[in-house]
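Chemist: Fold the following and give me the result.
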Amino acid sequence: MLETSARLLQLLTLFQQRRYWPGAELAARLEVTSRTLRRDVDKLRTLGYPVHSTSGVEGGYQLGAGSQMPPLLLDDGEALAVALGLRLASAGTIEGVEEASVRAMAKLEQILPRRLRQRVAAIEGAVVVSDSEGARVPPATLAAVASACREKEALRFRYRDHSGESSTRSVEPYRLVHTLRQWYLVAWDRAREDWRTFRLDRMEHPKPGSRFLPRHPPAEDLAAYVTRGIWNAAPCRARLKLLVPAAQAIARLPPHLGLVEPIDGRSCRFEVTAPSYDNMAANLARLDLDFEVEGPGELSKAVKRLEARYRRATAGWKQSSNG
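Modeler: This next block holds a predicted model:
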């Protein structure tokens with residue numbers, strides 16, 4: 001059996017991994033009796049940790065929000081700074097830490113006192129962040145969905161599809177994925193009896209429900225699964241051959257534009273999507289990369305239209321120069 005101090009730290013770690021623990025399961029994880037577990041919980045309470053309990057055969061423990069930040073964690077100023085930093089990072093302002101920031105934010109908000117939540121909301125309302133190419137997702141939505149994934153709780157919410165149609169969805173959330181500068185939820189849709197991907201910026205009022213047993217995920221690499229689904233659903237798609245190595249293309253291309261696959265040491269294939277082929281041609285003109293259009297013909301026509309527009313734009317300059 002672990003010493004009391006080490007066991008208390010392990011107990012705190014378990015409470016932050018899951019919101020609720022049945023008493024028998026928690027005692028088994030710690031390899032202690034129910035009586036020893038109750039004493040450990042009482043010690044945490046004397047240190048300021050708000051541990052709630054329910055009695056009976058199905059009773060258990062839950063770490064909740066208290067009237068003040070518990071000791072050994074963060075003071076108010078530190079908690080405020082961390083909460084704001086995590087929310088900014090989760091919005092994609094720091095590349096590569098979005099998902100970790102959401103997990104940390106969900107843990108912190110579980111025990112954040114009401115007064116600090118109000119201060120965080122007040123600061124967020126007073127700060128203007130420049131628009132990015134990714135849609136903005138309310139921090140409350142991110143935290144609610146991340147918590148439901150961690151706790152294996154069903155979610156019910158209103159959802160707007162790409163055409164603006166709204167419907168009520170009931171899902172079993174599995175994972176949050178940040179890709180192409182957007183947040184997506186991979187979940188089992190109960191009504192459609194299949195896996196679906198939902199954009200969080202189109203989600204409204206997510207509400208947790210009962211717990212569920214997780215299913216086998218639709219793919220091992222969920223980021224690739226979500227990205228491929230986005231390309232397949234896009235209204236306009238094209239395939240290009242870029243006349244540079246794949247590593248060079250990946251380093252120069254914005255990650256939200258398309259998928260890159262190597263062909264050989266000197267070229268790669270680029271799958272790109274856009275709302276229209278004219279928009280796609282304009283985006284390609286800004287890449288400053290030599291390419292060949294493999295298809296479809298609509299993109300070739302859009303590139304030729306753009307070429308003609310540029311020629312017309314410079315026709316008068318050539319005449320005045322010659323004159």
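Chemist: going forward, measure contacts between C-alpha atoms and count neighbours the same way
Modeler: Noted.
Chemist: So in this protein, which strand runs the longest?
Modeler: Identified as the longest strand of the chain according to DSSP state E is strand 166-179.
Chemist: how distant is it from the center of its chain?
Modeler: Distance, stretch centre to chain centre, for strand 166-179: 11 Å (CA atoms, centre = their mean, to the nearest Å).
Chemist: How about stretch 42-53?
Modeler: The answer for stretch 42-53 is 32 Å, by CA atoms, centre = their mean.
Chemist: and Glu204, that one's in a helix?
Modeler: No - read with DSSP: H, G, I helix; E, B strand; the rest coil, Glu204 is strand and lies in no helix.
Chemist: Leu155 is in contact with that one, correct?
Modeler: No - at 11.2 Å, Glu204 does not count as touching Leu155 under the criterion of CA atoms under 8 Å.
Chemist: So which of the two has more stuff around it?
Modeler: Leu155 (23 against 16; other CA atoms under 10 Å).
Chemist: How is the chain divided into domains?
Modeler: Annotated domains of the chain cover 4-63, 76-126, 139-224, 234-316 [automatic domain parsing].
Chemist: weakest of the ones you listed by average pLDDT?
Modeler: Least confident of the domains of the chain, judged by mean pLDDT, is domain 76-126 with a mean of 67.
Chemist: For the chain, which segments count as helices?
Modeler: Assignment of helices within the chain using DSSP state H yields the ranges 4-17, 23-30, 34-46, 76-88, 98-111, 114-126, 139-151, 222-233, 246-252, 277-285, 297-322.
Chemist: So for Ile263, which of those sits nearest?
Modeler: Ile263 lies closest, by CA to CA, to one member of the helices of the chain: helix 246-252, at 7.9 Å.
Chemist: Identify each buried residue in the closest one, please.
Modeler: 246, 249-250 (16 or more other CA atoms under 10 Å).
Chemist: can you redo those as CSV with distance to Ala148?
Modeler: Formatted as CSV, these follow (distance: CA to CA, whole Å):
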residue, distance to Ala148
Ala246, 38
Ala249, 38
Ile250, 34
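Chemist: Just name the closest of those residues to Ser34, please.
Modeler: Among the buried residues of helix 246-252, and counting by CA to CA, the member closest to Ser34 is Ile250, at 55.4 Å.
Chemist: Surely that closest one touches Val260?
Modeler: Yes - contact criterion CA under 8 Å: Ile250 and Val260 qualify, at 6.9 Å.
Chemist: between the buried residues of helix 246-252, which is closest to Arg18?
Modeler: Among the buried residues of helix 246-252, and counting by CA to CA, the member closest to Arg18 is Ile250, at 38.0 Å.
Chemist: where's that closest one relative to Leu259, distance?
Modeler: Per CA to CA, to the nearest Å, Ile250 is found 9 Å from Leu259.
Chemist: cool, Pro208 as well?
Modeler: Pro208 is 35 Å from Leu259, by CA to CA.
Chemist: and Arg45, how many residues sit next to it?
Modeler: 14.
Chemist: residues touching it, list them.
Modeler: By CA atoms under 8 Å, 6 or more residues apart in numbering, the contact list for Arg45 reads Val51.
Chemist: Excluding residues flanking it in the chain, which one is nearest Arg117?
Modeler: Once flanking residues are discounted, Arg117 sits nearest to Glu109: 8.0 Å by CA to CA, 6 or more residues apart in numbering.
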